[in-house]
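# structure here, sequence nowhere to be found:
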Ligand code: 6PG
């Protein structure tokens with residue numbers, strides 16, 4: 001990643017100083033990939049800092065966690081006030097908040113930047129999501145926007161916000177990435193186990209989908225994966241152990257959603273789907289004990305493909321709506337001014353979740369930057385209207401055929417919950433008050449002398465409980 005970002009910056013006319021703690025790697029890089037380019041080597045941190053123009057702009061691409069703190073400490077003796085340290089790793093945003101404050105106290109400017117797009121993105125145009133000390137932005141803006149991916153000529157990079165806002169937005173990007181991947185995997189499972197499609201046939205389905213509303217990097221690579229055969233002529237994907245790994249950014253998103261009280265259910269299910277896959281030996285034992293329907297698809301294959309496309313699209317809309325709900329809440333909670341159209345544009349190109357769909361989200365937020373929810377935008381509202389019959393059929397098909405579709409299903413449950421004026425939480429509140437005197441409020445139409453507005457009411461349900469309530473009402 002680091003090498004590719006350096007090459008990318010050099011291609012855009014910048015002179016870059018390259019350093020690696022394993023100095024032989026620097027020499028190898030200079031003698032090979034960097035040969036003939038405006039790239040200078042450094043064999044120590046002192047030399048690196050001595051060679052940089054003021055204010056120094058040092059970008060770290062090291063493993064998230066302690067390694068970032070350690071590297072910052074190694075750099076500090078050679079920096080001067082006003083110099084900028086940029087962390088381009090997948091750091092957890094609370095760490096970036098902390099580093100931003102710590103460095104500001106010492107007179108240095110910190111930037112925590114999301115970098116997405118993998119090695120190829122780094123080389124030819126990543127999506128960059130910088131946040132941190134805003135005084136740093138004018139010094140890095142042109143280089144960041146020059147080396148980033150472009151969407152219709154616009155850079156997929158803009159200033160995200162204060163402190164760890166850049167890493168926060170990258171974290172949500174990764175959570176959405178988990179959701180998109182899970183939805184694609186569920187579609188594959190329904191076609192393969194559910195309806196007996198071959199990998200080649202599923203590849204053909206993805207080829208078609210990639211020219212419609214689902215046109216995206218993840219659909220494109222899934223097509224290529226399904227077409228990829230091993231030396232024996234069979235699809236290699238079927239030889240891969242079905243236990244998913246994770247480095248934790250999706251989990252951080254789900255934890256943050258719980259912390260902020262936001263129903264980001266699809267990303268949560270995507271994380272749990274990975275953890276369920278990871279208990280493989282237990283699943284193997286369960287498969288011998290627990291029964292369920294045996295998938296037997298007898299419907300029209302093309303109809304199934306079309307319904308799945310709509311179900312995937314609708315679920316994706318829900319997932320992005322939930323992601324932006326989390327971003328909205330984080331802005332309030334952490335005091336960041338987060339710019340939705342800019343975030344959608346940053347994700348439009350260069351990153352793993354890049355898609356045509358993000359162009360529509362950018363348009364929606366540009367037309368109405370303070371849009372309360374993506375689902376209120378006319379375009380997405382009609383898309384869901386059009387998709388929902390198919391979506392419901394796919395969720396029912398999964399349930400009836402015993403193929404797990406946690407992401408499709410939770411998306412639909414969220415949709416039905418979100419559009420419900422009334423939910424059964426009235427009963428839940430009664431239960432809480434019954435067993436724990438946790439109190440409830442009454443509906444506006446029942447406000448009276450007996451039940452004043454916003455008054456915490458407790459009922460002695462059994463005559464044996466007390467009349468004293470346990471705590472104040474917290475929704
Ligand atoms: C990106 C990706 C990347 C991520 C990996 C692995 O935007 O380029 O999001 O940052 O770390 O895809 O993530 P998991 O190991 O958690 O699946």
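Looks like it arrived, so ask away. Remember, it's a predicted structure, so these values are computed and weren't measured experimentally.
# any idea how far the ligand is from residue 346?
Distance, residue 346 to the ligand, using Cβ to the nearest ligand atom, to the nearest Å: 11 Å. Quick note: C-beta positions are derived from backbone N, CA and C, even for glycine.
# helix or strand for residue 26, just tell me which one.
helix 23-31 (DSSP states H and E).
# heading C-terminal from that helix, find the next helix or strand.
strand 39-41.
# how far is that following strand from where the chain is centred?
Relative to the mean C-alpha coordinate of its chain, strand 39-41 is positioned 35 Å out (Cα atoms, centre = their mean, to the nearest Å).
# for it, name the packing helices and strands.
helix 2-11, strand 16-18, helix 23-31 (3 or more Cβ pairs under 8 Å, 6 or more residues apart in numbering; DSSP states H and E).
# now do the helix or strand following that strand, average pLDDT.
Sequence-wise, the next helix or strand downstream of strand 39-41 (DSSP H and E) is helix 45-51. Taken as a whole, helix 45-51 carries a mean pLDDT of 98.
# list the strands paired with the following helix or strand past helix 45-51, with their directions.
As assigned by DSSP H and E, the chain's next helix or strand after helix 45-51 is strand 57-60. If you go by DSSP bridges, strand 57-60 pairs up with strand 84-87 (parallel).
# quick one: closest of the helices and strands packed on strand 39-41 to the ligand.
helix 2-11 (11.9 Å; Cβ to the nearest ligand atom).
# what is the orientation angle of the closest one with helix 23-31?
30 degrees (axes from the mean of the first three to the mean of the last three Cα atoms, to 10 degrees).
# so what touches helix 2-11?
16, 18, 20, 29, 33-34, 37-39, 59, 61, 88, 115, 119-120, 122-126, 143, 146-147 (Cβ atoms under 8 Å, 6 or more residues apart in numbering).
# likewise stretch 44-51?
Residues outside stretch 44-51 that contact it (Cβ under 8 Å, 6+ apart): 17, 19, 23, 40, 42, 56, 58, 74-75, 78-79.
# repeat that for 7 Å
Residues from elsewhere that reach stretch 44-51, judged by Cβ atoms under 7 Å, 6 or more residues apart in numbering: 17, 19, 40, 42, 56, 74-75, 78-79.
# pull the contacting residues for the residue of the stretch 1-150 of the chain found nearest the ligand.
Across the stretch 1-150 of the chain, no residue is closer to the ligand than residue 116, which sits at 3.0 Å (Cβ to the nearest ligand atom). Residue 116 makes contacts with 126-127, 170, 173, 350-352, as judged by Cβ under 7 Å, 6+ apart.
# what subset of the residues you listed is also close to the ligand?
Applying Cβ under 6 Å from any ligand atom, the subset of these adjacent to the ligand comprises 351-352.
# flag every residue of the stretch 1-150 of the chain that's near the ligand.
90, 116-118.
# apply 5 Å and report the result again.
116, 118 (Cβ under 5 Å from any ligand atom).
# same check on the stretch 201-350 of the chain?
Counting by Cβ under 5 Å from any ligand atom, the stretch 201-350 of the chain sits next to the ligand at 246-247.
# show me where the stretch 201-350 of the chain has its helices.
217-227, 249-260, 265-278, 280-289, 301-334, 340-348 (DSSP state H, counting those that start in this stretch).
# want to throw those into CSV with distance to residue 391, mean neighbour count and mean pLDDT?
Listed next are the helices of the stretch 201-350 of the chain as CSV, based on distance: least, Cβ to Cβ, whole Å; neighbours: other Cβ atoms under 10 Å; pLDDT from 0 to 100:
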stretch, distance to residue 391, mean neighbour count, mean pLDDT
helix 217-227, 17, 19, 98
helix 249-260, 22, 20, 98
helix 265-278, 13, 22, 98
helix 280-289, 27, 10, 98
helix 301-334, 4, 21, 98
helix 340-348, 23, 25, 96
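# right, so of those helices, which gets closest to residue 409?
Among those, helix 265-278 comes nearest to residue 409, with 7.9 Å by Cβ to Cβ.
# chain center to that closest one: distance?
That offset, for helix 265-278, works out to 13 Å (Cα atoms, centre = their mean).
# packing partners of that helix?
Secondary-structure packing of helix 265-278 (3 or more Cβ pairs under 7 Å, 6 or more residues apart in numbering; DSSP states H and E): helix 165-189, helix 249-260, helix 301-334, helix 406-418.
# where in the stretch 301-450 of the chain is pLDDT low?
When residues are selected by pLDDT under 70, none of them lie in the stretch 301-450 of the chain.
# go on, the stretch 51-200 of the chain?
For the stretch 51-200 of the chain, no range has pLDDT under 70.
# strands of that one, start to end?
57-60, 84-87, 109-116, 127-132, 150-151, 154-155 (DSSP state E, counting those that start in this stretch).
# pick the most buried one from those strands.
strand 127-132 (a mean of 30; mean count of other Cβ atoms under 10 Å).
# what distance do you get for the residue of the stretch 1-150 of the chain closest to the ligand to residue 157?
Distance, residue 116 to residue 157, using Cβ to Cβ, to the nearest Å: 11 Å.
# same question, residue 378
29 Å.
# one more: residue 82?
Counting by Cβ to Cβ, the gap from residue 82 to residue 157 is 22 Å.
# cool, residue 42 as well?
26 Å.
# check residue 320 too.
Counting by Cβ to Cβ - residue 320 and residue 157 are separated by 20 Å.
# which residues are contacting stretch 318-335?
So stretch 318-335 is contacted by 168-169, 172, 175-176, 179, 256-257, 260, 262-267, 336-338, 340, 343, 361, 373-375, 411, 414-415 (Cβ under 7 Å, 6+ apart).
# centre of the chain to that stretch, how far?
With Cα atoms, centre = their mean, you get 11 Å for stretch 318-335.
# who has more neighbours, residue 378 and residue 157?
residue 157 (30 against 10; other Cβ atoms under 10 Å).
# kindly state the beta-bridge partners for the more buried one.
Here residue 157, judged by DSSP bridges, has bridge partners residue 128.
# contact partners for the residue in the stretch 151-300 of the chain that the ligand sits nearest to?
When scored by Cβ to the nearest ligand atom, the stretch 151-300 of the chain has residue 247 as its residue closest to the ligand, at 3.6 Å. By Cβ under 7 Å, 6+ apart, the contact set of residue 247 is residue 90.
# pop out the phi and psi values for it.
phi -100, psi -10 (degrees, to the nearest 10).
# residue 29 contacts residue 19, doesn't it?
No. Taking contacts as Cβ atoms under 7 Å, residue 29 lies outside contact range of residue 19: 10.1 Å.
# hang on, the earlier thing: separation between the residue of the stretch 1-150 of the chain closest to the ligand and residue 276?
26 Å.
# what's the answer for residue 213, then?
Taking Cβ to Cβ, one finds residue 213 at 29 Å from residue 276.
# swap in residue 61?
In terms of Cβ to Cβ, residue 61 sits 33 Å off from residue 276.
# what sits against the spatially closest residue to residue 251 that is not a sequence neighbour?
Spatial nearest neighbour of residue 251, chain neighbours left out: residue 271 (5.3 Å); criterion: Cβ to Cβ, 6 or more residues apart in numbering. By Cβ under 7 Å, 6+ apart, the contact list for residue 271 reads 178, 250-251, 254.
# residue 437 now?
458, 465-466, 468-470.
# swap in residue 371?
Per Cβ under 7 Å, 6+ apart, neighbours of residue 371: 364-365, 377.
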